[in-house]
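**Q** The sequence isn't on hand, but the structure is:
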């Protein structure tokens, strides 16, 4: 089902407030925040046997080939059926491992119908060498059906290693340029007039063209799908962390507005109780989105050969490495100025029913916004420090 709120529901919320219906406005905000988490993104990955497509599926999802739930890999074709692999942290994002078109003996258009092309947002065609005539036929059929597609040349690290061993005057930039031109020429020779090829290492996505691929996908996806992509891709550089921080920051106003609307409730203590529940969910999203949960840190330590304790040592936020619950939130609130303001808002609403409702609402919005803004800043800083430590870069 397509997201009903492709754009921010500002007008609908304003109309509900003008009609003196804060409950409806709060419901619309909750719907919007929930739907933002559930926006589906379906990515089709295909290529001939041995091209590295299953390894790419795993790398994109931030997991190792040996991890539970990984797409099976091997030197022969291991994918004979269309197989979905949901992202481990964001199950609304699914990578679909498709059989290579050469293994199905279907013409391109029948192949696309066989795999159910209509459900995919875009296609990635992978090759470990030269793109083939079958790849081009499939690409042209995908374009004809109105879908986006991207060519990925995998196993670049192997090519560079071989070139360095065999060339007297090895130059990495020149070698990458030769590989890219070779791939583009293969596509053109088979009838693809223009194509951009992204050079990728499945075992170190921080290198070469992975960031360029992510930037291209982000620009060409519909606006309401971009955050789904942003949070699913691996944490490979500071730029991605900054984009995630901006995406989280844009939603704080809705969480704060929800707090303000609940603050006018006639039941004493209700808004504080609901606020803590909302804050638990939001801060958990921050921790997960920045890769500061235990599972993500363990994967990062393993992939970068950095001691896990070294990564943990550079984090300062009280919300990392612990289970986030209401008690933790209440403790943080009661020791912060914004948290004290939130509880004061409850008392104002109780004892000054008319003026107090407006004051409590405004105070609740400001205090919730401030609290989340500060939590987000602290966790973003921790994420930056962890990434720098993993990359062996001095902050």
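**A** Looks like it arrived, so ask away. A quick note: this is a predicted structure, and the numbers were derived from the prediction, not measured.
**Q** all helices for the stretch 151-300 of the chain, in order.
**A** With helices called from DSSP state H, counting those that start in this stretch, the stretch 151-300 of the chain shows them at 156-166, 172-189, 210-220, 226-232, 238-262, 270-289, 294-304.
**Q** so how far is the fourth one from its chain's centroid?
**A** Taking the mean of its C-alpha atoms, helix 226-232 sits 3 Å from the chain's own mean (CA atoms, centre = their mean, to the nearest Å).
**Q** where does the nearest residue to residue 291 once chain neighbours are set aside fall, phi/psi-wise?
**A** Spatial nearest neighbour of residue 291, excluding adjacent residues (CB to CB, 6 or more residues apart in numbering): residue 235 at 4.6 Å. No exception for glycine: its C-beta is placed from N, CA and C like everyone else's. When quoted as degrees, to the nearest 10, the phi and psi of residue 235 stand at phi -80, psi 100.
**Q** Just give the number of residues close to residue 235.
**A** Neighbour count of residue 235, defined by other CB atoms under 10 Å: 23.
**Q** Pull up the per-residue confidence for it.
**A** Note on residue 235: pLDDT of 83.
**Q** go on, the one 4 residues further on?
**A** For residue 239, the pLDDT comes out at 90.
**Q** okay, and for the stretch 151-300 of the chain, where does confidence drop off?
**A** For the stretch 151-300 of the chain, applying pLDDT under 70 flags the ranges 259-275.
**Q** measure residue 89 to residue 57 for me?
**A** Computed with CB to CB, to the nearest Å, the distance linking residue 89 and residue 57 is 15 Å.
**Q** Please give me every residue in contact with the residue nearest to residue 291.
**A** Residue 235 makes contacts with 62, 241, 290, 291, 296, 300, 383, 387, as judged by CB atoms under 8 Å, 6 or more residues apart in numbering.
**Q** For residue 170, state which of these is nearest.
**A** The nearest member of the contacts of residue 235 to residue 170, counting by CB to CB, is residue 387 at 29.2 Å.
**Q** Okay, buried residues for whichever strand or helix holds residue 113 please.
**A** Assigned by DSSP states H and E, residue 113 belongs to helix 108-115. Residues 108, 109, 111, 112, 115 are the ones in helix 108-115 that count as buried (16 or more other CB atoms under 10 Å).
**Q** Kindly report the same for stretch 367-375.
**A** Buried residues in stretch 367-375 (16+ other CB under 10 Å): 367, 368, 369, 370, 371, 372, 375.
**Q** ok, and the closest non-adjacent residue to residue 318?
**A** Counting by CB to CB, 6+ apart, the nearest residue to residue 318 once its immediate chain neighbours are dropped is residue 332, at 6.4 Å.
**Q** Which helix or strand contains the one you found?
**A** Assigned by DSSP H and E, residue 332 falls in helix 326-334.
**Q** Residue 58 now?
**A** Going by DSSP H and E, residue 58 is in helix 53-60.
**Q** Please enumerate residues in contact with the helix or strand just after that helix?
**A** Counting by DSSP H and E, the next helix or strand C-terminal to helix 53-60 is strand 83-86. Here strand 83-86 makes contact (CB under 8 Å, 6+ apart) with 57, 58, 61, 69, 71, 93, 94, 95, 96, 97.
**Q** So among those, which ones count as buried?
**A** Applying 16+ other CB under 10 Å to the contacts of strand 83-86 flags 57, 58, 61, 71, 93, 94, 95, 96, 97 as buried.
**Q** residues contacting the fifth one?
**A** Taking CB under 8 Å, 6+ apart as the contact definition, residue 93 lies against 40, 41, 43, 86, 87, 228, 229, 231, 232.
**Q** Could you check how far the closest residue to the second one other than its chain neighbours is from residue 218?
**A** Right, residue 41. Distances taken as CB to CB, 6+ apart put residue 228 closest to residue 41, at 4.1 Å, once the chain neighbours are dropped. The spacing between residue 228 and residue 218, counted by CB to CB, is 11 Å.
**Q** Between the two, which is the more surrounded one?
**A** The neighbour count for residue 228 versus residue 218, taken as other CB under 10 Å, is higher for residue 228 (22 against 16).
**Q** and the more buried one, what does it touch?
**A** Residue 228 touches 39, 40, 41, 90, 92, 93, counting by CB under 8 Å, 6+ apart.
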